[in-house]
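A.B. asks: Just to be clear, the model below is a prediction. Sequence and coordinates:
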Amino acid sequence: MKEEESKTEALELYERMKQRLYSKEPMFGDGSPFSELLQTMVNKMLEGEADHHIENELLIGNKNKRNGYIKKQVITSSGPIEVLTPRDRNSTFDPELIGKRERELHSGLDEQIIALYAQGNSVEDVRRLIQKMYGVEISAGKISQITDNVLPEIESWRNRPLQTFYPIVYLDAIHFKVRHEGVYSNRAFYTVYSVDWAGNRDLLGLYVNQSEGAYNWGIVLQDIKKRGVEDILVICTDNLKGFSQTIQEEFPKSIVQKCIVHQVRSSMKYVDEKDTRKVAAALKRVYSAPTMEAALSAFELFKQQWGKTYGYVVQQWEQDWQELMAFMDFGAEIRRMIYTTNPVEALHRIIRKIIKGKAAWVSETALVKQIYLALMHNEKSWKRTAYNWKSIQRDIMYKYPDLINKHIR
């Protein structure tokens, strides 16, 4: 009789599943036959665990027997299910599948929540998406708790040991709005984007401060030194006031390369529209010259042509000439990599694209958490090997043999 009833129930379930599929309704979620099937399976497994526990108790001489059920709703990735957890007289039964105090069947839902959050969705967005996809109601607090599980991982990553030598490091900041003491204000996210000796790109840390400034950058550089960095060959930066002095204090042997793109943009700021193309072309002949001598000649010509009208441009370039033209001491391949901070700005564009729908964060911790998850879930877009790197290695080995002998065994 029981066997016939089981067959009938199985056929009915099959029919409901077929109807669900043809109706184009979601396969998972509250009331779906898949949730019902999972619910039946979970309850049968809990029955089996309870029976096994009672048998073991009797074998060791403990008198024990079943004592009803505890009913509770459990969240799963297939929707909520109703679970009947067996009880025993001695209260020694603690099921493995779903513990007494657990309200969630671990079936990948946590990972799905983290993946959605990593794509730039807010906690409220994640809550709505999970409800829509799986028919599961999860509170915003629960979602925050799940994403907070990555905080120890982030802390470990932020404090991981670094390599002793990096040929290229880009320094730049990006700004976000964060709530502090009930008020939303800007926070600077400091980016230390590197290329190691093998040509692999990497982000060396996550740093957030109230604003971008040379002093705060000094704290960042001290941190990477503490974590093992001894030498950086070229540090690429924008024209932040006092930045070069801060870099030289922490890494006195490093070559500072100021961003040519930033400099040209600054130079063109007050150029008359009728002269824009001519001035830009004259400056390009300076920074695209094949040698330092050719660059100096092109700059002398620029001064003769435009010095009287745009003396401030001449003054800017003369003042920072050494750091603007440092890339001239290298071969063509590495020049393309260091004359601008575009690589780190490309990383910033990736971050903004991922979290473009987010206007502000409730805390610095929430900001760091989402940026970390976004970057780790999209590594392929920024963690790539530098192009034609072996040629660059040879150039560095030829010009800086002592540095290579010190760090590369």
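C.D. replies: Alright, I've got the coordinates.
A.B. asks: So which elements touch the strand ranked longest in the chain?
C.D. replies: Scanning the chain for the strand with the most residues, using DSSP state E, yields strand 165-180. Identification of packing neighbours for strand 165-180 by 3 or more CB pairs under 8 Å, 6 or more residues apart in numbering; DSSP states H and E yields strand 183-195, strand 231-237, helix 332-338, helix 342-354, helix 364-376, helix 401-407. Every residue, glycine included, has its C-beta placed from N, CA and C.
A.B. asks: Show me what the mean pLDDT comes to for it.
C.D. replies: Strand 165-180 shows a mean pLDDT of 90.
A.B. asks: relative to helix 364-376, how tilted is that strand?
C.D. replies: Taking axes from the mean of the first three to the mean of the last three CA atoms, to 10 degrees, strand 165-180 and helix 364-376 form an angle of 140 degrees between their directions.
A.B. asks: angle of strand 165-180 against strand 231-237?
C.D. replies: 50 degrees.
A.B. asks: okay, strand 165-180 in PDB with CA atoms only?
C.D. replies: C-alpha atoms of strand 165-180 as PDB (Å, rounded to 0.1, in the frame of the first residue of the first chain):
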ATOM      1  CA  PHE A 165      61.400  44.600  -6.000                       C
ATOM      2  CA  TYR A 166      58.900  46.100  -8.500                       C
ATOM      3  CA  PRO A 167      60.100  47.600 -11.900                       C
ATOM      4  CA  ILE A 168      57.000  49.800 -12.200                       C
ATOM      5  CA  VAL A 169      54.500  51.100  -9.800                       C
ATOM      6  CA  TYR A 170      51.600  53.500 -10.600                       C
ATOM      7  CA  LEU A 171      50.200  55.700  -7.800                       C
ATOM      8  CA  ASP A 172      46.800  57.400  -8.200                       C
ATOM      9  CA  ALA A 173      43.600  58.000  -6.300                       C
ATOM     10  CA  ILE A 174      39.900  57.700  -7.000                       C
ATOM     11  CA  HIS A 175      37.100  59.400  -5.000                       C
ATOM     12  CA  PHE A 176      33.900  58.000  -3.500                       C
ATOM     13  CA  LYS A 177      31.200  59.300  -1.200                       C
ATOM     14  CA  VAL A 178      31.000  57.600   2.200                       C
ATOM     15  CA  ARG A 179      28.800  58.300   5.200                       C
ATOM     16  CA  HIS A 180      30.700  59.400   8.300                       C
END
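A.B. asks: How far does that strand sit from its chain's centre?
C.D. replies: Distance of strand 165-180 from its chain centroid, counting by CA atoms, centre = their mean, to the nearest Å, is 12 Å.
A.B. asks: Show me which residues of it are buried.
C.D. replies: 165-174, 176, 178-179 (16 or more other CB atoms under 10 Å).
A.B. asks: And stretch 204-216, by the same measure?
C.D. replies: Here stretch 204-216 shows 204-209, 212-213, 216 as buried, counting by 16+ other CB under 10 Å.
A.B. asks: Longest helix of the protein, counting residues only.
C.D. replies: In the chain, assigned by DSSP state H, the helix with the most residues is helix 33-59.
A.B. asks: how about the strands in the stretch 201-350 of the chain?
C.D. replies: 201-209, 231-237, 255-258 (DSSP state E, counting those that start in this stretch).
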